[in-house]
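Chemist: here is my input, please return the structure:
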Amino acid sequence: MTIRECAERLQAEVVCGEEHVDRPVEAVCASDLLSDVLATDKHTFLLITGLCTPQVVRTAELMGSAGIVFVRGKYPPQEAIGMAKVHDIPLLCTRAEMFEACCLLANLGLEKHAE
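Modeler: Presented below is the predicted three-dimensional model:
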């Protein structure tokens, strides 16, 4: 599975990192608590969150996330977009709720790790 395929399934807009959407994704980590994301043991995962702060990008970079999906129609601030560009982390936005996004991606065969 790739970020591009996940974006299509979620009807998500690619905010930045279009050049990296062919990265593989093996799992999903869905959480609005960054401490839970830091506790994940997943690799090559797509972070799904409703938390729109630069700290989300820092956490994703630290944990080796393949990309970030912001749910519930939320859009990241410019500071987070700039950080994502520097760290080559694709950012996506979808109108789907977190649970819906997880279900849509689970139907594609991705492993879910939700906190």
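Chemist: quick one: the helices in this protein?
Modeler: If DSSP state H is used as the criterion, the helices of the chain fall at 3-10, 34-38, 54-63, 78-86, 98-106.
Chemist: in the sheet, who's paired with the residue nearest the centre of the chain?
Modeler: If you average the C-alpha coordinates of the chain and look for the closest C-alpha using Cα atoms, centre = their mean, you land on I68, 2.1 Å from that point. The bridge-partner assignment for I68, based on DSSP bridges, gives L47, L91.
Chemist: for A106, see how far away P76 is.
Modeler: Distance from P76 to A106, counting by Cβ to Cβ, to the nearest Å: 24 Å. C-betas here are computed from N, CA, C, even on glycine.
Chemist: one more: E19?
Modeler: Note on E19: its distance to A106, by Cβ to Cβ, is 27 Å.
Chemist: same question for L47.
Modeler: Distance from L47 to A106, counting by Cβ to Cβ: 15 Å.
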